[in-house]
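**Student:** Just to be clear, the model below is a prediction. Sequence and coordinates:
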Amino acid sequence: QLLPFELQNTVVSRVLQDITSMQQPYAAMTVGSLLDATDILHARPKLFMMPPSNDLGAFKSKYKNLFGMLEEKPKNVEEVGQPFGDADEILQSRKMFRNLYKDHDNKVDAQQYAEARMFDILIGDWGKHEDNWKWAGYKTKDGMTYRPIPRDRDYVFSLWDGMITYIADRKWGLPMGENFGHEINDVRSLIFSGLPADRRLLNELTRQDWQDAAEYIQSRITNEVIEKAVREMPTETYELSGKVIEDKLKQRVKDLKIYADEFYENLIFGGVEVVGSNKAEYFDVKRNDDGSVHVTVHDLKKGKKKGKNKLYERTFYPKETKEIRLYGLSGKDHFSIHGEANKSIKIRVVGGPDGDVIDDQSVVKKGGKKTFLYENGKSSNSSLGTEAKRVETWDKSLYTYDRHRFGFNRYLPIATIFYNSNQGLGLSAGVQFTQTKATKQEYSAKHNFSTLLTTENIKIFNYSGRYHHVLGRWDILLGGIYANQNSFNNFFGVGNS
């Protein structure tokens with residue numbers, strides 16, 4: 001029913017129907033039991049059977065005695081008598097993010113969200129995009145703190161055991177999706193759908209914080225907990241796949257700290273974004289002599305002084321982080337960058353539409369300029385030393401924050417075998433590399449390498465490259481070919497005389 005009418009009852013619909021066999025229909029029951037051993041908020045699904053009731057009318061013969069699961073739905077507090085998790089409000093991700101951008105006194109319990117994401121790694125849930133979360137808000141002295149409520153466990157324990165899914169599961173295959181095995185083939189494809197939210201909500205956590213999150217899940221999800229949870233499935237299902245799922249979970253929980261490290265590496269790839277709100281903030285950035293950069297964000301008092309309320313704090317190290325991007329959003333923010341180092345991390349300051357104060361007196365002795373200012377506020381006040389450079393660009397999107405604007409370098413191998421009477425039996429093989437950059441739309445460069453070899457002694461080596469938006473909106477194309485071939489051209493006559 002999700003397909004257009006013209007594709008229903010075709011081979012396409014049959015293939016999609018077959019793909020649903022990848023899913024474990026009772027996985028949510030096991031997941032609920034596993035989460036009972038943690039402090040992560042969650043719904044508890046229960047299995048029911050549709051009774052052969054006459055109330056079903058014309059649908060009785062089709063739907064009677066069918067299994068189905070029901071679970072409690074976290075709703076807004078005013079709609080229910082007993083709030084889910086005793087929360088003061090329940091929000092969808094879209095509204096929760098809106099509140100984060102509106103007021104810096106609203107925040108997410110980042111450590112518990114990291115623990116929930118490590119749990120997703122354990123059970124192989126690769127579908128945790130933003131709509132698969134709700135948020136329980138609890139009032140604090142100044143604002144709200146939000147705790148995550150994961151939901152919709154459609155892709156837990158996915159079994160990708162066919163030829164097409166095997167190819168799709170390669171690191172160069174689909175960017176999102178992962179077979180549930182004893183080991184994880186690619187952490188990036190497992191977490192990909194949730195990365196826009198992860199990069200925004202988890203940007204203050206260090207590598208050790210991620211190790212702590214993994215250790216928390218390991219301490220709660222013991223072998224006994226796993227065995228009990230898997231047996232929440234119907235007995236018939238357990239006999240088919242329960243023991244295998246048990247063994248996989250036990251192995252994955254042992255390796256969870258390794259996967260936590262890989263998760264962390266994916267979060268910092270291409271740089272880390274520190275985001276303010278639509279209220280005024282004070283960004284205090286110090287370049288340390290060992291190359292590290294210490295970033296703190298405070299509230300900004302009416303007298304334009306740094307407040308006592310610390311909103312963010314983290315030290316970045318050049319071996320891990322190649323770039324830091326500071327986003328003030330709306331509000332008249334203050335950016336202070338200072339300190340001296342031989343080498344340091346590149347910093348991009350994106351002040352926002354209002355008049356900000358940007359003061360950069362830092363010094364980096366090697367490696368060129370390391371502070372780049374993107375500021376289009378007409379009333380902004382800048383005091384820039386020798387280290388800063390103001391960037392003027394045609395791409396207006398670089399003056400705004402978008403949590404979905406990030407990418408990874410990728411590669412795609414391509415190979416074909418062919419035969420024709422002129423060239424003989426041939427093999428064409430190549431690879432495409434795609435590079436990304438935070439300041440480029442879609443990609444920064446593409447490189448294509450290909451080789452063609454045939455039994456008729458034809459040898460062709462080809463390269464083509466495209467560098468994106470090098471001269472303003474203009475791309476630069478490069479190419480080269482080496483050919484040693486015995487080619488044939490068909491002759492169709494001299495034509496009309």
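**Tutor:** Looks like it came in fine.

**Student:** ok, so what distance separates the residue sitting nearest the centre point of the chain from residue 285?
**Tutor:** Central residue of the chain (Cα atoms, centre = their mean): residue 195, 1.7 Å from the mean position. Distance of residue 195 to residue 285, computed by Cβ to Cβ, to the nearest Å: 25 Å. Placement of C-beta: from N, CA and C, glycine included.

**Student:** In contact with the residue nearest to the centre of the chain: list those residues for me.
**Tutor:** 266, 267, 406 (Cβ atoms under 8 Å, 6 or more residues apart in numbering).

**Student:** Might you specify the subset of those residues located within helices?
**Tutor:** Using DSSP state H to define helices, the subset of the contacts of residue 195 located there is 266, 267.

**Student:** quick one: which helix or strand includes residue 452?
**Tutor:** strand 445-454 (DSSP states H and E).

**Student:** quick one: buried residues of that strand?
**Tutor:** Buried positions in strand 445-454, judged by neighbour count with 16 or more other Cβ atoms under 10 Å: 445, 446, 447, 448, 450, 452, 454.

**Student:** right, and the third one touches residue 432 too?
**Tutor:** Yes: because the distance of 7.1 Å satisfies Cβ atoms under 8 Å, residue 447 is recorded as touching residue 432.

**Student:** picking that back up, need the CA coordinates for the helix or strand where the residue nearest to the centre of the chain lies. PDB is fine.
**Tutor:** Here residue 195, judged by DSSP H and E, is contained in helix 195-201. Coordinates of each C-alpha in helix 195-201 appear next as PDB, following Å, rounded to 0.1, in the frame of the first residue of the first chain:
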ATOM      1  CA  LEU A 195      23.900  11.600  13.200                       C
ATOM      2  CA  PRO A 196      22.300  15.100  12.600                       C
ATOM      3  CA  ALA A 197      20.800  15.000  16.100                       C
ATOM      4  CA  ASP A 198      23.900  13.300  17.600                       C
ATOM      5  CA  ARG A 199      26.300  15.900  16.300                       C
ATOM      6  CA  ARG A 200      24.200  18.700  17.900                       C
ATOM      7  CA  LEU A 201      23.300  17.000  21.200                       C
END
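
**Student:** Can you give me the buried ones in it?
**Tutor:** 195, 196, 197, 198, 199, 200, 201.

**Student:** what does the helix or strand hosting residue 411 rub up against?
**Tutor:** For residue 411, the host element (DSSP H and E) is strand 410-420. Strand 410-420 has contacts (Cβ under 8 Å, 6+ apart) with 172, 175, 425-434, 450.

**Student:** So how do I select the buried members of those residues in ChimeraX?
**Tutor:** Listed next is the ChimeraX selection for buried residues among these, using 16+ other Cβ under 10 Å:
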select :426,428,430,432,434,450
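
**Student:** May I see the contacts of strand 410-420 organised as CSV, with secondary structure, pLDDT and distance to residue 152 added?
**Tutor:** Output for those, formatted as CSV (DSSP: H, G, I helix; E, B strand; the rest coil; pLDDT from 0 to 100; distance: Cβ to Cβ, whole Å):
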residue, secondary structure, pLDDT, distance to residue 152
172, coil, 91, 28
175, coil, 90, 20
425, strand, 95, 50
426, strand, 94, 48
427, strand, 96, 44
428, strand, 95, 42
429, strand, 97, 41
430, strand, 97, 39
431, strand, 97, 36
432, strand, 96, 34
433, strand, 97, 35
434, strand, 96, 31
450, strand, 96, 42
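
**Student:** and which of the contacts of strand 410-420 is nearest residue 485?
**Tutor:** residue 426 (10.7 Å; Cβ to Cβ).

**Student:** Contacts only, for the closest residue to that closest one other than its chain neighbours.
**Tutor:** Of all residues not flanking residue 426 in the chain, residue 454 sits nearest, at 3.7 Å (Cβ to Cβ, 6 or more residues apart in numbering). Residues near residue 454 by Cβ under 8 Å, 6+ apart: 423, 424, 425, 426, 427.

**Student:** Determine how far stretch 197-205 lies from the middle of the whole chain.
**Tutor:** 10 Å (Cα atoms, centre = their mean, to the nearest Å).

**Student:** how long is that stretch from one end to the other?
**Tutor:** The straight-line separation of the ends of stretch 197-205 (Cα to Cα, to the nearest Å) is 14 Å.

**Student:** Repeat that for stretch 162-175.
**Tutor:** 18 Å.

**Student:** likewise stretch 225-235?
**Tutor:** 17 Å.

**Student:** what about the strands in the stretch 1-150 of the chain?
**Tutor:** 46-49, 67-70, 89-92, 107-108, 133-139, 144-150 (DSSP state E, counting those that start in this stretch).

**Student:** quick one: contacts of the last one?
**Tutor:** Taking Cβ under 8 Å, 6+ apart as the criterion, the residues outside strand 144-150 that touch it are 40-43, 74, 84-85, 87-91, 96, 99, 105-109, 112-113, 116, 119-120, 125, 128, 132-138.

**Student:** what residues are up against the closest residue to residue 199 other than its chain neighbours?
**Tutor:** Closest residue in space to residue 199, ignoring its immediate chain neighbours: residue 267 at 5.9 Å, by Cβ to Cβ, 6+ apart. By Cβ under 8 Å, 6+ apart, the contact list for residue 267 reads 195, 198, 199, 202, 203.

**Student:** so can I have TSV of those showing pLDDT?
**Tutor:** Formatted as TSV, the contacts of residue 267 follow (pLDDT from 0 to 100):
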residue	pLDDT
195	96
198	97
199	96
202	97
203	96
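
**Student:** Of these, just say which sits nearest to residue 252.
**Tutor:** Closest to residue 252, out of all of those and judged by Cβ to Cβ, is residue 198, at 19.3 Å.

**Student:** Could you tell me how far the residue lying closest to the closest one once chain neighbours are set aside is located from residue 97?
**Tutor:** Closest residue in space to residue 198, ignoring its immediate chain neighbours: residue 267 at 6.1 Å, by Cβ to Cβ, 6+ apart. Separation of residue 267 from residue 97 (Cβ to Cβ): 17 Å.

**Student:** Check residue 237 too.
**Tutor:** From residue 237 to residue 97 the distance is 37 Å (Cβ to Cβ).

**Student:** Could you report the neighbour count for residue 26?
**Tutor:** Per other Cβ atoms under 10 Å, the neighbour tally for residue 26 reads 22.

**Student:** Contacts only, for it.
**Tutor:** Counted by Cβ under 8 Å, 6+ apart, residue 26 has contacts 47, 69, 232, 233, 234, 237.

**Student:** Mark which of those are buried, thanks.
**Tutor:** Looks like the contacts of residue 26 have 232, 233, 237 buried, using 16+ other Cβ under 10 Å.

**Student:** Now render the residues you listed as JSON lines, adding distance to residue 26.
**Tutor:** Shown next, in JSON lines, are those (distance: Cβ to Cβ, whole Å):
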{"residue": "232", "distance to residue 26": "8"}
{"residue": "233", "distance to residue 26": "4"}
{"residue": "237", "distance to residue 26": "5"}
